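Enquirer: Structure here, sequence nowhere to be found:
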């Protein structure tokens, strides 16, 4: 046998005599090969050349032709020839590796030649032992150098796109001229050196910027590439990415929550932030469970850094949504916003703080008929009930029942001619509210004018006649009156607060009154009196004039009825001056919640000790932590235990101060 030509499985045998036999003629081939066992064929000397993989074989022993095909025999001969000519094999491998390197650099190469060489190595059975290791080694070296160079030159999005492109190129390279089994190893060599070796650098350099700009495509590319190299890094790449994501969420959220200047927009900003992170999770991180749990846990941490403020602000935000006049959204859109608010509601711990402020605002909406929609109000109550249970919303639901019952009571009152005659053409509307359901305001006794006290006594007589044994306690701070005012330039219908009404009725008897005179005649406290006089004398509609003039009310000021008052509208509402509900009012609401917490702690301690009879301090503290749903500190619990010992609900063991005994 002289020369084998690897031409798409078509090959020619050249005999020593110069005759040529086609592989398509088995008889001729067998004749040329000879029939003897172990016979040898002389081979002329000649140099090896490679066009489409042409080689000159050295003298070899020819196996029995009857036991194998010509193709198998040729492959064996060629393989042994390559083994004998190691230098030739090395040059072929180096040449092929160099062509691949040039192709990675962007040069045009002869892919047909690479394909033929690849098939030659595969068919001869030395692909995995000779060619693949060199290709993988070369790929690792190439991409290591490229990664170290480009990580400094490219932005993170550019680098990630380049790495992804390189991965696709290597996959294509395998399809074109390498063995399919090399795909995973070759792609891994690229990803190991381009991605796995630079995970921390990529996260540090550009992750925050990608999140800031909400670059979903780039974040998705990073997530996918890191997923591929998870097993190639000491710490799984996804874990590092999740930790970076959690740190980013915590930093951004903390900056938002801890900045008092952002309180006005905090809730809206939190909703926007949550929506943004939800989009990132859904569109970039494939709703990964670990990333999702990390986001939830981080939100819960930073939203409770200011223990009470987020709960208060969320209650105010809901009040703004449910209040009449919010025409920016349809009812369905408002309900959708409330659903998003409930997601924030789940995160903060001070739900009793939320309840206190929510109840206070709900009372105003119900009593002044300021609700945008009763259906929305009840929908919100249902959402809170589903989240916290019926016990949490019991009082809130009771408020709605009181309003409905009050309407029925007033219908009955208005149908009673005897009592209506006693009102002397004055109209009266009273809400009868259950004391424990509604927020209570601390106030001194107000001195009502005769016109109002008579109406109050008429209704009191009517109500107690039907509900004997009950006691009515009047709440004046939320009262509202409609008063007819006579001025030199015409009559006006004034909608006033009860305090404004009491003050103005004094001017039926006198044209000029001093601050202290008004205080003595009405019994209104200084703060409320100053606020009310400011609204009447310094507001948009000035039915009183102040002497001396100025933006503040002082105890030395005097007030005169403004008979020259004029305004285009016939019906006028004079709003009370509402100082921001900060400082005193907000603190009072919060302090009431803290006081209620103390009562809950006391009740829990007594309940536990009554059951157990004796417990050590650590056991009691652990049990309290499992039962109490609001935030608390060990020092708070210790203080309440000491209070119960002083009140003789518990006692310390004389021999063991850490042991408590319940006293029946």
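Expert: Nice, I can see it. Being a predicted model, the structure only gives us computed values, none of them experimental. Numbering: from 1, shown residues only.
Enquirer: If you count neighbours, what's buried in the top helix by length along the chain?
Expert: Longest helix in the chain by number of residues, with DSSP state H as the criterion: helix 583-612. Residues 589, 590, 592, 593, 597, 600, 601, 602, 604, 605, 608, 609 are the ones in helix 583-612 that count as buried (16 or more other C-beta atoms under 10 Å). From N, CA and C alone the C-beta is placed, and that goes for glycine too.
Enquirer: pLDDT added to the residues you listed, as a markdown table?
Expert: Shown next, in a markdown table, are the buried residues of helix 583-612 (pLDDT from 0 to 100):
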| residue | pLDDT |
| --- | --- |
| 589 | 71 |
| 590 | 70 |
| 592 | 72 |
| 593 | 72 |
| 597 | 77 |
| 600 | 81 |
| 601 | 85 |
| 602 | 85 |
| 604 | 87 |
| 605 | 88 |
| 608 | 89 |
| 609 | 86 |
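Enquirer: ok, so of those, who is nearest residue 437?
Expert: residue 592 (14.6 Å; C-beta to C-beta).
Enquirer: For the closest one, which non-adjacent residue is spatially closest?
Expert: Distance criterion C-beta to C-beta, 6 or more residues apart in numbering; nearest residue to residue 592, sequence neighbours excluded, is residue 356 at 6.4 Å.
Enquirer: Tell me which helix or strand the one you found sits in.
Expert: helix 351-367 (DSSP states H and E).
Enquirer: likewise residue 157?
Expert: Here residue 157 is assigned to helix 156-177, by DSSP H and E.
Enquirer: Residue 252 and residue 272 touch, don't they?
Expert: No - contact criterion C-beta atoms under 8 Å: residue 252 and residue 272 do not qualify, at 11.2 Å.
Enquirer: and these two? which has more neighbours close in?
Expert: Using other C-beta atoms under 10 Å as the criterion, residue 252 and residue 272 rank with residue 252 on top: 19 against 13.
Enquirer: Could you report the separation of residue 203 from residue 240?
Expert: 6 Å (C-beta to C-beta, to the nearest Å).
Enquirer: should've said residue 102
Expert: 35 Å.
Enquirer: Excluding sequence neighbours, find me the nearest residue to the residue nearest the centre of the chain.
Expert: For the chain, residue 274 is the residue whose C-alpha lies nearest the centre (C-alpha atoms, centre = their mean; 3.4 Å). Among residues not flanking residue 274 along the chain, residue 343 sits closest, at 6.2 Å (C-beta to C-beta, 6+ apart).
Enquirer: Buried residues of stretch 74-89, list them for me.
Expert: 74, 75, 76, 77, 78, 81, 82, 85, 89.
Enquirer: can you put the residues you listed in a markdown table and add distance to residue 434 and secondary structure?
Expert: Formatted as a markdown table, those follow (distance: C-beta to C-beta, whole Å; DSSP: H, G, I helix; E, B strand; the rest coil):
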| residue | distance to residue 434 | secondary structure |
| --- | --- | --- |
| 74 | 102 | helix |
| 75 | 98 | helix |
| 76 | 101 | helix |
| 77 | 104 | helix |
| 78 | 101 | helix |
| 81 | 104 | helix |
| 82 | 99 | helix |
| 85 | 104 | coil |
| 89 | 97 | helix |
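Enquirer: Would you convert the residues you listed into JSON lines that also reports distance to residue 564 and pLDDT?
Expert: Formatted as JSON lines, the buried residues of stretch 74-89 follow (distance: C-beta to C-beta, whole Å; pLDDT from 0 to 100):
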{"residue": "74", "distance to residue 564": "121", "pLDDT": "84"}
{"residue": "75", "distance to residue 564": "118", "pLDDT": "82"}
{"residue": "76", "distance to residue 564": "122", "pLDDT": "84"}
{"residue": "77", "distance to residue 564": "124", "pLDDT": "86"}
{"residue": "78", "distance to residue 564": "119", "pLDDT": "85"}
{"residue": "81", "distance to residue 564": "122", "pLDDT": "85"}
{"residue": "82", "distance to residue 564": "117", "pLDDT": "82"}
{"residue": "85", "distance to residue 564": "120", "pLDDT": "87"}
{"residue": "89", "distance to residue 564": "114", "pLDDT": "90"}
